[in-house]
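> With the input below, show me the fold.
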Amino acid sequence: MGSLSIAGPLLVLIAYLLGSIPFGYLVVRWRKGIDVRTTGSGGTGATNVMRNLGIAGFVVTIVLDFAKGYGAVWLTGRLTDRDPGWIAAAAVACIAGHIYPVWLKFRGGKGIATSVGVFIALAPLPMAFVAVIFLAVLATWRYVSLGAIVATAAFPGLVYFLNRPPKAIVLGATGATILVIASHHANIRRLWHGTESKIGRQAVRE
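The predicted structure is shown next:
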């Protein structure tokens, strides 16, 4: 029990630091020698990387950001005997790390790919429904940001009703969801004012 009490907080810290690895920033810095945050949307996510490196950069960033989210939750579960409290804390910490990375003075991305990895590790079945919701919203209104926000917001409820997990997992899913939605504050403002870009139109600064 003593070793677990030490391992839990350490694993949450590791989850944050893993989430903080700015793969999008590093890939663009390596390939073009520039700070991706000075271009396009100003973020470190896959979409902004694509503006600089094309589809290859997008795919690499998506895969790496997904992997760090999944890996943080998987590792914590494995090393804490699937303790739901530490798993939930690591999930939130990893996403917080991506959005507020210590290596980049707490200015990162919006956490979508990382949260997908985290959410699949937490509850794969609800994530299948999340994907359907995202595609349905995207097909109806053609706003990627709206699809991401609505689908992410649905995740905690789906986890609760489909999985009936321990309360800590539901709370962790809710905390992670709040972080991701809050990171889209500029998109929400533009959606409210009707100035958000749709698929097929030139993107505006995020």
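
> now stretch 182-195, how far from the centre of its chain.
From the chain centre to the centre of stretch 182-195 is a distance of 18 Å (C-alpha atoms, centre = their mean, to the nearest Å).

> ok, and what's touching that stretch?
99, 109-111, 143, 145-146, 148-149, 181, 196, 204, 206 (C-beta atoms under 8 Å, 6 or more residues apart in numbering). Glycine gets a C-beta too; all of them are placed from N, C-alpha and C.

> Which of those are buried? Put it as a PyMOL command.
Burial among the contacts of stretch 182-195 is assessed by 16 or more other C-beta atoms under 10 Å; the matching PyMOL selection reads:
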select buried, resi 99+109+110+111+143+145+146+148+149+181+196+206
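
> okay, the contacts of stretch 182-195 in TSV with pLDDT next?
Below are the contacts of stretch 182-195 laid out as TSV (pLDDT from 0 to 100):
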residue	pLDDT
I99	96
G109	92
K110	93
G111	94
Y143	94
S145	93
L146	96
A148	96
I149	97
I181	97
E196	92
V204	40
E206	38
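
> from the contacts of stretch 182-195, which single one is nearest L26?
G109 (12.4 Å; C-beta to C-beta).

> So the closest one: helix, strand or coil?
Of the three states, G109 takes coil according to DSSP: H, G, I helix; E, B strand; the rest coil.

> For it, give me its contacts.
P22, G24, G43, T44, G45, N48, D65, H98, I99, S183 are the contacts of G109 under C-beta under 8 Å, 6+ apart.

> ok, and the most crowded of those?
Counting neighbours by other C-beta atoms under 10 Å, the top entry in the contacts of G109 is H98, with 34 neighbours.

> Look up which helix or strand that residue falls in, please.
Secondary structure from DSSP states H and E places H98 in helix 84-99.

> Okay, buried residues for that helix please.
84-99.

> which helices and strands sit right next to that helix?
helix 2-20, helix 46-79, helix 112-122, helix 167-182 (3 or more C-beta pairs under 8 Å, 6 or more residues apart in numbering; DSSP states H and E).
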